[in-house]
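>>> Build me a model from this:
(chains A, B, C and D)
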Amino acid sequence: MATIAPLAQAVSEVVRDGDTVAFEGFTHLIPFAAGHEVIRQGRRDLTLVRMTPDVIYDQLIGAGCAKKLVFSWGGNPGVGSLHRFRDAVQNGWPVPLELEEHSHAGMANRYVAAASGLPFAVLRGYVGTDLPKQTDNIKPITCPFTGEVLTAVPALRLDSAVIHAQRADRKGNVQLWGITGVQKEAVLAATRSLVTVEEVVDELEPRPGAVVLPSWVVDFVAEVPGGAHPSYAHDYSVRDNDFYQRWDAISKDRESFGAWLAGVA
Amino acid sequence: MATIAPLAQAVSEVVRDGDTVAFEGFTHLIPFAAGHEVIRQGRRDLTLVRMTPDVIYDQLIGAGCAKKLVFSWGGNPGVGSLHRFRDAVQNGWPVPLELEEHSHAGMANRYVAAASGLPFAVLRGYVGTDLPKQTDNIKPITCPFTGEVLTAVPALRLDSAVIHAQRADRKGNVQLWGITGVQKEAVLAATRSLVTVEEVVDELEPRPGAVVLPSWVVDFVAEVPGGAHPSYAHDYSVRDNDFYQRWDAISKDRESFGAWLAGVA
Amino acid sequence: MTDYTSDEMMTVAAARALENGAVCFVGIGLPSTAANLARRTHAPDLVLIYESGTIGSKPGTLPLSIGDGVLAETADSLVGVPEIFNYWLQPGRVDVGFLGAAQLDRFANINTTVIGGDYRDPKVRLPGAGGAPEIAASCREVFMIVRQTARAFVERVDFVTSLGFGTGAGDRERLGLRGAGPRLVITDLGVLRPDPRTCELTMTQLHPGVDLATAKARTGWDLKVSSDLVTTAPPTDAELAALRELAA
Amino acid sequence: MTDYTSDEMMTVAAARALENGAVCFVGIGLPSTAANLARRTHAPDLVLIYESGTIGSKPGTLPLSIGDGVLAETADSLVGVPEIFNYWLQPGRVDVGFLGAAQLDRFANINTTVIGGDYRDPKVRLPGAGGAPEIAASCREVFMIVRQTARAFVERVDFVTSLGFGTGAGDRERLGLRGAGPRLVITDLGVLRPDPRTCELTMTQLHPGVDLATAKARTGWDLKVSSDLVTTAPPTDAELAALRELAA
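Numbers count the residues shown, from 1 in each chain, chains lettered A, B, ... in the order given. The predicted structure follows:
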């Protein structure tokens, strides 16, 4: 059963130094507030996992929380590059960042395998690209029935997963809707999980397209209204596109980023 | 784009002699009316695929439509045995019935593989049981990352799939809700597909828990109110448990089954 | 005290075995009855999962099939059939798998496939595996509820549909199965548990009024009996009332 | 006739290439703009799929990200990200994959990973693969929309993020890819198509007012030109009006 707790406590229980951790959310429902709390708590040596490490990981990387990034697309959606990510990769600032790079299909299937308790997933992917040369985590596999050669990727087992959702009830059952991405898979792939929510309610009314995570697969729920900002929570807020634009300037050099970082702590 | 057509036409276009065909629906939304139309049209040599070949397949088997059954649980739910299925297996009446037998997890994953365009699926299944001895379609597979041995099953590619749903719109987009089973996978695994629906409406209002199949993956839609009877359509009808009970007596001997069959044709 | 049948005693004993808060993957029939009784009595927070994709179902009346509408309407979460097996059962998230059986052997292997003759030419063709092979493999532990007869409790099952302990201790581990396997077999006569050393099913408990000779006569192998054989407490009035209301 | 920019010409030309009723897997940015323009003009039944899981989205305004709420709200069907790749893209259900690129070579291979230096120590680190490798592999055909510059159009990409024709004709078949690969590259100067025999990208069409010398100068390899070189019809007033309304 999930424990409903304040954000700071929940983050400190769920995300630990050295963790392989995913903050998931596909453009929608990105758990920014939890990310900022991780920065405040000074977590270090994280292996950050995310299909689309956008601004939230630019912030964590710039703050020096990460030693490795496992990802498939690292950009500021609709804006351009992630400058803190680039600075870490190209210049090792503030600390070197190791990369493990996949395609979206590969990452999604790696989460699915972990959520399914399997050691690997099979897909038609990566064929003819240079991606398999850069990691041991993309291998051929032969169909035992047809002899066809496909691609295998290992399960993406997480120490911790953090997501944002619209609602939870008082027992800790979690409900999210709109674009639901790989959040269910991330939680099911993790040993520990935290869900920040817009609100805690008495009863989860059924919603079209909603995913419900039962309380017994969630460790902590924290009520953080607006916790996805500048991302959004469908039916609660809209995406703050201006902030994503502004991030380009904020993150462009180390000084302006430093000023932003001081504001978080 | 799906064609909206009368049941008889739709069945004759979708289900052909010799087809590997699935009529799916997990207790809920079983396409009985389409099954009866297949009996009326005298289809033969079908390889019938279904996780739970209950009364609908007892009828098709008793009517002599099937040469093979691929399944994981063949009984009359809550009642007992399927007598026509038993008579075919034990006595070859009215024609011999070849069996290919799996577990539910294996069947579900075989559908998933076919819907995903993969030749096989991987699961933790069948281990230590006598099931793999009876078919070539259950094989070991080794994880290329951990060396662990798991189980592979081949994709269940279908010639045709038939399901029942609550609603379609006039373009042929299909909506079903309640227990949705493996119906989406069956349609996506098939070359040809038919969906019978309770009603065709102008607009598909979003429903909690609804699966929507876009028109362009469905070949035919036929409006058949009550087309799942004695199974049910959530929010339209309730399961006719009495019929399932009565089926035990109807199907028990060849004569009473013959009388029932005469009533269908 | 109210009169009760042996089936009622069996169902009550099975219900009592389920701890409050446990996550239970429930087969239809006797397992579903026992699990719902537990939820109505001492275990209101028991989480029931049905293979039709319903997680946390709280049916007010007993479902007749695994896919009754009431299971969907009262579920915390409703998912597709592939997901229930892949995301929920397979990774070992379920505490208790609750199964019935047509035939069961001294090492708790389950047969629901064929009885007698050859697989291709059986004496009796049974419904088959359903979800049981993976439930038996992947749940942390397995409870079974089976009426005890010499025909059903056999030395060696005709077909292993779902694995108990195979040929004895160590087999599950050798095969890499993650779940611990059968821990309880609840019958209309009493309760059997695997011997901690040999994994052989052993009579550890008898229901009130059942004598050991009956249990032995209704077992198709030389039934071992625990030195600590205990007697089941009879159903309480509250248990019987809840069960009868459920079955009504 | 209204004045228009070369980007507008490019987007209009790309939109025209999409047939009504086709199923199109759309990248964000220029591909999304062109696909939505097609839907607003000649192809009202174009089915747009975004990798965020929206099938049949009909946005009234251009989405700024791949996961804007309007894509979900207007979709025929909304599914999770694993499903969009596994059930919808991978089996080859999609007619057209519509992609952009940071760098593109004469065999239409795409680089969105690193430019210059070594993979581990690049001159410029780009965002990476996203959905493109499997879009390029699995769609029946691929359209690309890229501004034509000598820096972007190179002899050989620094990194193959997504496969076009590899080293030339026959490579896709040898690798077992099911989709036919890139069929059109629409630029701000014109349109390139793979030579039917060699698969080398060849200039087959120039936009009005663009001369061949410019196209050659803005291509990093010795650009071949079709003997049937045609000129694109300029954007109609209706096309421009629809595009400007969309972008507003």
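>>> Look up how far residue C:152 lies from residue C:127.
In this view, residue C:127 and residue C:152 are 15 Å apart by CB to CB, to the nearest Å. Glycine gets a C-beta too; all of them are placed from N, C-alpha and C.
>>> Between the two, which is the more surrounded one?
Higher neighbour count among residue C:127 and residue C:152: residue C:127, with 24 against 20, using other CB atoms under 10 Å in any protein chain shown.
>>> helix, strand or coil for that one?
Here residue C:127 is coil, with the state taken from DSSP: H, G, I helix; E, B strand; the rest coil.
>>> quick one: the helices in chain A?
A:7-14, A:32-40, A:55-62, A:83-91, A:104-115, A:183-189, A:241-252, A:254-264 (DSSP state H).
>>> Tell me the residues of chain C that contact chain A?
Contacts of chain C with chain A, taken as CB under 8 Å from any CB of the partner chain, map to C:21, C:23, C:47, C:55-56, C:76-77, C:86-87, C:90-93, C:138.
>>> 10 Å instead, please
Residues of chain C lying near chain A by CB under 10 Å from any CB of the partner chain: C:21-23, C:45, C:47, C:49, C:55-56, C:73, C:75-79, C:82-83, C:85-93, C:95, C:138, C:178.
>>> out of these, which are buried?
C:22-23, C:47, C:49, C:55-56, C:73, C:75-79, C:82-83, C:85-91, C:93, C:95, C:138 (16 or more other CB atoms under 10 Å in any protein chain shown).
>>> In three-state terms, label the residue most central in space within chain C for me.
Among the residues of chain C, the one closest to the centroid is residue C:144, at 2.1 Å (CA atoms, centre = their mean). Remark: residue C:144 carries the secondary structure label strand [criterion: three-state DSSP].
>>> My understanding was that it contacts residue C:112; is that so?
No - the criterion here is CB atoms under 10 Å, and residue C:144 misses it with residue C:112 at 11.7 Å.
>>> residue ranges with poor pLDDT in chain C?
C:1 (pLDDT under 70).
>>> make it 80
C:1-2, C:248 (pLDDT under 80).
>>> Please work out the residue of it nearest to chain A and name it.
residue C:91 (2.9 Å; CB to the nearest CB).
>>> Double-check that residue against residue A:112; I have them as touching.
No - Residue C:91 lies out of contact with residue A:112 (CB under 10 Å); the separation is 11.3 Å.
>>> Pull up the overlap in contacts between those two.
A:118, A:188, A:189 (CB atoms under 10 Å, 6 or more residues apart in numbering or on different chains).
>>> Which ones among those also lie next to chain C?
Of those, the ones that also sit near chain C (CB under 10 Å from any CB) are A:118, A:188, A:189.
>>> what's near enough to touch the first one?
Okay, so that is residue A:118. A:112, A:154, A:155, B:122, B:123, B:124, B:143, B:148, B:150, C:86, C:90, C:91.
>>> Among these, which lie within strands?
Those of those mapping onto strands are A:154, B:122, B:123, B:150, per DSSP state E.
>>> In contact with the last one, which residues?
Contacts for residue B:150 were tallied using CB under 10 Å, 6+ apart; they are A:118-120, B:122-125, B:127, B:140-143, C:176.
>>> now, among these, which is nearest to residue A:53?
For the contacts of residue B:150, the residue nearest residue A:53 by CB to CB is residue A:120; the value is 23.1 Å.
>>> May I ask you to confirm that the closest one is in contact with residue A:153?
Yes - at 6.4 Å, residue A:120 counts as touching residue A:153 under the criterion of CB under 10 Å.
>>> sorry, back to before: which residue sits closest to the residue nearest to the centre of chain C in space, ignoring its chain neighbours?
residue C:185 (4.6 Å; CB to CB, 6 or more residues apart in numbering or on different chains).
>>> Mind checking what secondary structure the residue lying closest to residue A:241 once chain neighbours are set aside has?
Nearest residue to residue A:241, sequence neighbours excluded (CB to CB, 6+ apart): residue D:64, at 5.4 Å. Recorded secondary structure, residue D:64: coil (three-state DSSP).
>>> Residue D:64: what's it in contact with?
So residue D:64 contacts A:27, A:77, A:78, A:79, A:239, A:241, A:244, A:245, D:28, D:29, D:32, D:70 (CB under 10 Å, 6+ apart).
>>> burial measure for the fourth one, as a count.
Going back to what we said before, that points to residue A:79. Every residue meeting other CB under 10 Å relative to residue A:79 is counted, giving 17.
>>> Give me the phi and psi angles of it.
phi -120, psi -60 (degrees, to the nearest 10).
>>> Contact residues of chain A facing chain B?
A:109, A:113, A:116-124, A:136-148, A:150-155, A:177, A:205-210, A:212.
>>> Which members of the residues you listed are classed as buried?
Buried among these by 16+ other CB under 10 Å: A:109, A:113, A:116-124, A:137-139, A:141, A:143-145, A:150-155, A:177, A:207, A:209-210, A:212.
>>> do stretch A:80-93 and chain D meet?
Yes - looking at stretch A:80-93 against chain D by CB under 10 Å from any CB, the contacts come from A:80, A:81, A:82, A:85, A:86, A:87, A:88, A:89, A:90, A:92.
>>> give the contact list for the fifth one.
Taking CB under 10 Å, 6+ apart as the contact definition, residue A:86 lies against A:58, A:61, A:74, A:93, A:97, A:251, D:122, D:124, D:125, D:126, D:127.
>>> Take the residues you listed and write them to JSON lines, including distance to chain C.
What follows is those, written out as JSON lines (distance: CB to the nearest CB, whole Å):
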{"residue": "A:58", "distance to chain C": "31"}
{"residue": "A:61", "distance to chain C": "31"}
{"residue": "A:74", "distance to chain C": "28"}
{"residue": "A:93", "distance to chain C": "39"}
{"residue": "A:97", "distance to chain C": "31"}
{"residue": "A:251", "distance to chain C": "37"}
{"residue": "D:122", "distance to chain C": "38"}
{"residue": "D:124", "distance to chain C": "39"}
{"residue": "D:125", "distance to chain C": "35"}
{"residue": "D:126", "distance to chain C": "34"}
{"residue": "D:127", "distance to chain C": "30"}
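>>> and which of those residues is nearest residue C:170?
residue A:97 (46.8 Å).
>>> Just the buried ones among the contacts of residue D:64, please.
The neighbour count (16+ other CB under 10 Å) marks A:27, A:77, A:78, A:79, A:239, A:241, A:244, D:28, D:29, D:32, D:70 as buried among the contacts of residue D:64.
>>> Name the nearest of those residues relative to chain B.
residue D:70 (15.1 Å).
>>> looking at chain C, which residue ends up farthest from its center?
Residue farthest from the centre of chain C, counting by CA atoms, centre = their mean, is residue C:121 at 28.5 Å.
>>> one step back: quick check: neighbours shared by residue C:144 and residue C:112?
Between them, residue C:144 and residue C:112 share the contacting residues C:99, C:100, C:101, C:104, C:162, judged by CB under 10 Å, 6+ apart.
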